[in-house]
Structures are given as C-alpha cells and as structure tokens.
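**Q** Quick one: sequence plus predicted model below, questions after.
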Amino acid sequence: KMAKKVCIIGSGNWGSAIAKLIGRNAAAYDTFHTRVNMYVYEEEINGEKLTEIINTRHENVKYLPGHKLPENVVAVPDLVEASKGADMLVFVVPHQFIRGLCKTIQSNIKPGAIGISLIKGMDHTDKGLQLISDVIRKALSMDVSVLMGANIASEVASEDFCETTIGCTKEENGQLFKKLLQTPNFRICVVQDPNTVEICGALKNIIACGAGFVTGMELGDNTKAAVIRLGLMEMMKFAKAFFPDSPPEIATFFESCGVADLVTTCYGGRNMRVSRAFVKENKPIEVLEAEMLNGQKLQGPETAREVYKVLKTLNIDESEYPLFVSVYNIFFNKHPVPSFIECLQNHPEHM
Ligand SMILES: NC(=O)c1ccc[n+]([C@@H]2O[C@H](COP(=O)([O-])OP(=O)(O)OC[C@H]3O[C@@H](n4cnc5c(N)ncnc54)[C@H](O)[C@@H]3O)[C@@H](O)[C@H]2O)c1
Ligand SMILES: O=P(O)(O)OC[C@H](O)CO
C-alpha cells in the first residue's frame, strides 16, 4: 500500500501544536508519507516570511513560540499546492475562515481523500444550523471526522498528559486518524457520534465566556461550577433539539469533548481569559482579542452570535437557552455583565 500523504490546513496555536504530534507520527509509521505539508497563511514578521522562519528554524514564532516543530513538517503558503495529492486533510483554522479555504481547493481534491476537523465553532444557513464539518463535506464531498477535547494547545505542545475524542461515521477513518494523532501523552477515544462531539466543541466556547464573566466579577468557584453545569444542560438540550434524527448518546458528554473540555476551557482557555478582561477593562471584545492574543482568534463570541441567529431562524424561544443568549447580548447588545447572573438565577433548570 502507498503511504498516505497528509496535509494540515492551518498553522495557528492549535494547528502548530498538532503539527508537532502529526510530524512525529508521520515520520515513525510507514502508513504515512514522512513529509507533511502545513498550509500557512503567510505573514511577515520583522521583515521575514513566517513560512521561511518555520522551514529554517522549525518554530512558529508567532503562534506557538518556544516549541520546535519536526523538520518533516513543511510550511507552504499556497493552499492549492499544500493540499495537492493529499490523502488525509486535517482542518484546523479559526472557524470564520473555513468557507473561503474550502472554495480555494474545491477542484483539487484527490478522489478518496478523507478529512478531520479540529475546528471548534459553527456556521448557519437560511435553514438553521450548519456544522463546520458539514461545510467541509458539502464543499469537498469527502468523509469528515472530527476531533475535540480538553486540549489547550500550549499544554499539548508541552506534551503534558491529556485525552481527546474523535467522532466519526466511518470507523476505519476514525481509526486511521487516531493512528496519525495519538501519542503516549495524547490519548484518543473514537466514538461514532460525530455530531455530538462537534456540538460540544463548538458550544463550550460560549460557556467559557460565561465563566470569564463570573471570574471577572470575582465570584468564586461555586459560581463557576454552576456556569459549567448549566452550560452543559443547555449543550445537551441543543444537541437533542438539533439532531432529532441522530439523538446524542449521553455517554459522549462524558468523553473528553464534553465535561472535561468544559472544565479546562472554563479555567484556562483564551475565551475565559479575554472575557474576564472584558469585565475588568470595559473595551469591546474585538479590541481585547487583538490586544491580548497577538493574532490568535476567539471562537466564543462568534459562536454565540451563530447560535443566536440559528434560534431566530428557527423561531425558537430565547428563554430555552438563557446562558447562550445572555453571552450574546452582553457582547453584542451592550447588556451589562451582571445581567448574566440574573440569567443564572432564573434558569429553567431551577423551575
Ligand atoms: N488554541 C487552542 O488551544 C485550541 C485547542 C483546541 C481547539 N482549538 C480550535 O482550533 C481552531 C483553530 O485554532 P488555532 O488556535 O489553531 O488558531 P489561532 O487562534 O491561533 O488563529 C490564528 C490563525 O488564523 C490564521 N489566519 C488569520 N487570518 C486568516 C485568514 N484570513 N485566512 C486564513 N487563516 C487566517 C493565522 O494565520 C493563524 O494561523 C479553532 O476553531 C479553535 O477553537 C484551539
Ligand atoms: O483557548 P480557547 O478558549 O480557544 O480553548 C482552547 C481549547 O478549545 C480547549 O480545549
């Protein structure tokens, strides 16, 4: 059998961390071609191209400083060239860019190629909710698995022990991606409930913003635990409501993509940290994102906006998802942050 060619589409904080694991496994296993192309959105850093820096110093100095990438991971600034002939595509860009990138490679996909999305976020159409994996499936007509879990990129890059979840519809594809991605300190469970895995990954970022609000208001861990629990209840309700044909397995919420990701994200994630600053500094969220993250992108506020649009499109009462709606109103409708506590006090879970 021919070794499979792998292409990573994305090279941000998570893309670079995952490139470290993929590069090493691609070099170690005959199943994969040793060279791994990584599409890098080109930019100049102190007069040097980021792709050149990565290909000579083997470090993404902007998005994952302090970590060496394997030398077989090759940064390519042209997406069509990077993905040409790839058998396995790993999608890992902030969710707002996925549509444009898919369009660029639409006519250049190798027949039989498969994909996996590591993108936490969601999209919507005039019919309502659209998963990011659906955007990819539709644009590129390929089988797409997803990988979501309690995985803060810098900790994965440091090779601290953690777990993650792959959701797939075709078991053999899920297992092939597991082989590509699993390491002794990055342990993967494969489940055949991809929609739930992906919904967990998307919605947890909204809940993380709520956790940031209560942290910014200097409330304690009991409050944060309540945000996590009420957020989980809304997440479960949302998954049930939006996939009536493939109801979520409750067990999936206990995989790394569910409760575990909520915990890590509500304590240490970027959405939590920037939302905490939003309470303290009284600046628009996009200003704080630019000031605090050096080009990295927040997914929580945009996902709250997408969820709100989906609820409106489908005529669903806002009171069904008070936490999600409150996060949206605080970021985009100037509702005061303390109104978030009122939403918790009046949550339907207590009625
Ligand atoms: N960072 C984490 O800890 C982490 C962990 C798990 C999952 N994720 C998810 O992975 C996805 C990607 O996150 P990330 O942390 O790798 O990215 P990031 O937040 O570091 O975003 C920056 C990336 O976006 C790219 N970019 C900027 N403008 C662009 C454009 N116009 N077109 C294409 N690309 C552009 C930049 O070049 C850079 O690679 C997100 O959905 C995120 O939720 C992140
Ligand atoms: O830093 P965040 O908030 O984007 O969260 C990162 C990861 O999704 C945590 O699993």
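**A** Received the coordinates, thanks. Residues are numbered from 1 along each chain as shown. Ligands and ions are numbered 1, 2, ... in the order given.

**Q** Gly295 falls within a strand, correct?
**A** No: Gly295 is assigned coil when assessed by DSSP: H, G, I helix; E, B strand; the rest coil, not a strand.

**Q** ok, and the closest non-adjacent residue to it?
**A** Of all residues beyond its chain neighbours, the one nearest Gly295 is Lys62 (6.2 Å), with distances taken as Cβ to Cβ, 6 or more residues apart in numbering. In short, each C-beta sits where N, CA and C put it, glycine included.

**Q** can you check Thr313 too?
**A** Closest to Thr313 by Cβ to Cβ, 6+ apart is Gly128, at 5.1 Å.

**Q** name the element Gln130 belongs to?
**A** Assigned by DSSP states H and E, Gln130 falls within strand 128-131.

**Q** Counting by contacts, list what that strand packs against.
**A** strand 122-125, helix 194-216, helix 300-313 (3 or more Cβ pairs under 8 Å, 6 or more residues apart in numbering; DSSP states H and E).

**Q** If we go by neighbour counts, what in the helix or strand just after it is buried?
**A** Remark: after strand 128-131, the chain's next helix or strand is helix 132-140, criterion DSSP H and E. Neighbour-count burial for helix 132-140, counted by 16 or more other Cβ atoms under 10 Å, picks out Ile132, Ser133, Asp134, Val135, Ile136, Arg137, Ala139, Leu140.

**Q** and for the next helix or strand after helix 132-140, what are the contacting residues?
**A** Scanning forward in sequence from helix 132-140 by DSSP H and E, the next helix or strand is strand 143-148. Under the criterion Cβ atoms under 8 Å, 6 or more residues apart in numbering, residues 91, 114-118, 120, 133, 136-137, 164-170, 173-174, 177, 181, 188, 194, 197-198, 200-201, 256-257, 261 lie in contact with strand 143-148.

**Q** Restricted to strands, list those.
**A** Phe91, Ile114, Gly115, Ile116, Ser117, Thr164, Thr165, Ile166, Gly167, Ile188 (DSSP state E).

**Q** Which strand runs longest in the protein?
**A** Taking DSSP E as the criterion, the chain has its longest strand at strand 32-39.

**Q** Glu44 touches Leu50, doesn't it?
**A** Yes: assessed by Cβ atoms under 8 Å, Glu44 is found in contact with Leu50 at 7.4 Å.

**Q** Compare those two and say which one has the larger neighbour count.
**A** Leu50 (20 against 10; other Cβ atoms under 10 Å).

**Q** Spatially nearest residue to that one (excluding sequence neighbours)?
**A** Counting by Cβ to Cβ, 6+ apart, Leu50 lies nearest to Glu43, which is 5.2 Å off, once chain neighbours are set aside.

**Q** sorry, back to before: buried ones in the strand holding Gln130?
**A** So for strand 128-131, counting by 16+ other Cβ under 10 Å, buried means Leu129, Leu131.

**Q** now do stretch 93-110
**A** Along stretch 93-110, these residues count as buried under the neighbour rule (16+ other Cβ under 10 Å): Val93, Pro94, His95, Ile98, Leu101, Cys102, Ile105, Ile109.

**Q** Then stretch 47-54?
**A** Neighbour count says stretch 47-54 has Leu50, Thr51, Ile53, Ile54 buried, by 16+ other Cβ under 10 Å.
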